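Student: Build the 3D model from these lines:
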Amino acid sequence: MAPTALVDLGEYNWNIPQPVQHVGKPTLIANHGADVIRGSAAAKSLIGNALKTRVQSVNGDVCEPGEEDAFFVADLGEVYRQFMRWKMNLPRVKPHYAVKCNPDPQVLRLLAELGTGFDCASKAEIESVLNLGIDPSRIIYAQPCKTKSYVRYAAQQNVKQMTFDNADELYKIKQLFPNAELYLRIITDDSESLCRLSLKFGAPMDTTQDLLTLAKELDLNVVGVAFHVGSGASDPNAFLKAVKDARCVFDQATDLGFSMHTLDVGGGFCSDTFEKMAAVLSDALDAYFPPSVRVIGEPGRYFVAEAFTIACHVIARRSVEDPVSGKTSYMLYLNDGVYGNFSSIMFDHQQPVAKVLQCAGTFEYGAGTMEFDTEAGVEYSIWGPTCDGIDCISQSIEFPQIVDVGDWLFFEDMGAYTKCSATRFNGFTDSHDTIYVSSEPGASALLGMH
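Tutor: Have a look, this model is predicted:
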């Protein structure tokens, strides 16, 4: 069994729950040990060693089908550091990890051990969390428009917390789960986000009074308000306005006799803007909601985006001659693409950057940024393996090396909305190995890694 309270969170300490069930051993786990400096250098070393061990074990000329498939290296220490960073900057907000972002079982295990809650959007996501031994009270079914059979499943499993944003959903819940604890999700200004969720979900502010009145007439239990400023949000003021609007809805509900106790501030958090966003949100919470109000959030990409690196094999190459300049460029074809783990290009507006991992037998990871004359650099476009012309990872990129068939490329920051939305289009696999490492002893201890 995994250890329990091995992490000292100082003044921000939460009660770490009882250990959750293990879901099987990771493909590979490694810990840096006490003699290695924590942080980026240690993480890079661990990731590099894992990448090197794997790629150098593959001989493309004789390997079995699938042995040269793309694979991930996940540093669970990065997830742990992001958790600690969250607690330092948003001590009032208990994170409920958005499972849809990356349902990796070891990520779920670690976050469960750290005491987070979970934001689930379907029966399968709820089931995956419950199978870890998580108490149903740590789950919010944060899908405003739910499948009837999924609502029945949630009722059977006692997953009471769920969101709604329309009258039809209230009638559905009255029929199937009248004892649910409901959060009215309100619309927000998400115009500065990568993915605008308010185009699909959220009750307009001029409808909230009527929805709350209907919930009262149906004898349903509205306990809070939820909002989401959009996935990958960039405007901190969106949080400020949303908190103000939530305060208004709280007051409406209180006047109708509801006992309101929770605010769900949703997701939208990005690592590179986190402190700025957290500062605005924290100030807004303190200004509009007393400490007695419980606050939860639904971060996804914030926890996992930078924790995953993917390595891909170059399976084919075509040369392209420019008839004007006479310069040769190349089209590289990888064994993964936009129908696979690079689905984030289409669905999440991401622009993954290719780097050379191994070229002509030389391992390049960790060699640092190679300075080279761009006039002498070699231009490439990078493509996925399917027969669809839109399966393009990069239209143009330059490397100093001549990359050929059998070489490897890698892409960092591949943890968010990648493998969770991969498909089997053209018969290619949607499941790739993940090698787990940990650059933080706290994460290693909680997961029993060695």
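Student: mind showing which ranges of the stretch 301-450 of the chain have poor pLDDT?
Tutor: For the stretch 301-450 of the chain, applying pLDDT under 70 flags the ranges 368-376, 425, 427-430, 450.
Student: Now do the contacts for E169.
Tutor: By CB atoms under 8 Å, 6 or more residues apart in numbering, the contact list for E169 reads 144-146. For the C-beta atoms, the positions are set from N, CA and C on the backbone; glycine is no exception.
Student: Repeat the analysis, applying 10 Å as the threshold.
Tutor: By CB atoms under 10 Å, 6 or more residues apart in numbering, the contact list for E169 reads 143-146, 151, 162-163, 182, 185, 203, 211.
Student: in the stretch 251-400 of the chain, which spans are strands?
Tutor: Under the criterion DSSP state E, counting those that start in this stretch, strands of the stretch 251-400 of the chain are mapped to 262-264, 294-297, 308-321, 328-334, 355-359, 362-363, 378-383, 392-399.
Student: what's the closest of those to E113?
Tutor: strand 294-297 (18.3 Å; CB to CB).
Student: who's in contact with that closest one?
Tutor: Residues contacting strand 294-297 (CB under 10 Å, 6+ apart): 86, 90-98, 116-117, 119, 140, 142, 161, 183, 223-224, 226, 228, 243, 261-269, 278, 281-282, 285, 289.
Student: now, of the strands of the stretch 251-400 of the chain, which is deepest in the fold?
Tutor: strand 262-264 (a mean of 24; mean count of other CB atoms under 10 Å).
Student: what pLDDT, on average, does it get?
Tutor: For strand 262-264, mean pLDDT is 98.
Student: just so I know, which of the strands of the stretch 251-400 of the chain lies nearest V62?
Tutor: Closest to V62 of the strands of the stretch 251-400 of the chain is strand 308-321 (CB to CB; 14.2 Å).
Student: Neighbouring strands - and their directions - for that closest one?
Tutor: Strand pairing for strand 308-321, determined by DSSP bridges: strand 71-75 (antiparallel), strand 328-334 (antiparallel), strand 408-411 (antiparallel).
Student: in the stretch 51-200 of the chain, what spans have low per-residue confidence?
Tutor: In the stretch 51-200 of the chain (pLDDT under 70), the answer is 189-200.
Student: Which parts of it are strands?
Tutor: Along the stretch 51-200 of the chain, the segments classed as strands by DSSP E, counting those that start in this stretch run 71-75, 93-98, 117-120, 139-141, 161-164, 181-185.
Student: mind putting the ones you listed in TSV, mean neighbour count and distance to I126 included?
Tutor: TSV is the format used below for the strands of the stretch 51-200 of the chain (neighbours: other CB atoms under 10 Å; distance: least, CB to CB, whole Å):
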stretch	mean neighbour count	distance to I126
strand 71-75	25	23
strand 93-98	25	12
strand 117-120	27	5
strand 139-141	26	6
strand 161-164	26	10
strand 181-185	25	15
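Student: Reformat the ones you listed as CSV; add distance to V304.
Tutor: Formatted as CSV, the strands of the stretch 51-200 of the chain follow (distance: least, CB to CB, whole Å):
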stretch, distance to V304
strand 71-75, 8
strand 93-98, 9
strand 117-120, 13
strand 139-141, 18
strand 161-164, 22
strand 181-185, 24
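Student: Please report how far A422 lies from I139.
Tutor: Going from A422 to I139 by CB to CB, to the nearest Å gives 25 Å.
Student: now the helices for this protein?
Tutor: Along the chain, counting by DSSP state H, helices occupy 40-55, 76-89, 105-114, 123-130, 148-156, 167-176, 208-217, 237-255, 274-288, 301-304, 344-347, 441-447.
Student: In CSV: those helices, plus distance to D61.
Tutor: Shown next, in CSV, are those (distance: least, CB to CB, whole Å):
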stretch, distance to D61
helix 40-55, 14
helix 76-89, 34
helix 105-114, 33
helix 123-130, 39
helix 148-156, 48
helix 167-176, 57
helix 208-217, 64
helix 237-255, 53
helix 274-288, 46
helix 301-304, 35
helix 344-347, 31
helix 441-447, 37
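Student: of all these, which lies closest to V378?
Tutor: Closest of the helices of the chain to V378 is helix 40-55, at 20.9 Å (criterion: CB to CB).
Student: Specify the angle between that closest one and strand 355-359 in degrees.
Tutor: When axes from the mean of the first three to the mean of the last three CA atoms, to 10 degrees is applied, the directions of helix 40-55 and strand 355-359 differ by 40 degrees.
Student: domains of the protein?
Tutor: Under the assignment automatic domain parsing, the domains of the chain span 40-74+307-439, 75-304.
Student: Please work out which of these is packed deepest.
Tutor: Among these, domain 75-304 has the highest mean neighbour count (mean count of other CB under 10 Å), at a mean of 20.
Student: give me every residue that touches Y302.
Tutor: Y302 makes contact with 79, 82-83, 85-86, 95, 97-98, 101, 232, 267-271, 273-274, 277, 416, according to CB under 10 Å, 6+ apart.
Student: again, but for E78
Tutor: 40, 43, 47, 271, 303-308, 415, 437-440, 443.
Student: run the last query once more with 7 Å
Tutor: Going by CB atoms under 7 Å, 6 or more residues apart in numbering, E78 touches 43, 306-307.
Student: what's stretch 53-70 in contact with?
Tutor: Residues outside stretch 53-70 that contact it (CB under 7 Å, 6+ apart) are 71, 310-313, 335-336, 341, 357-358, 406, 408, 429, 432, 435.
Student: Check those residues against C248 and report the nearest one.
Tutor: Looking across the contacts of stretch 53-70 and measuring by CB to CB, the closest to C248 is N341, at 42.1 Å.
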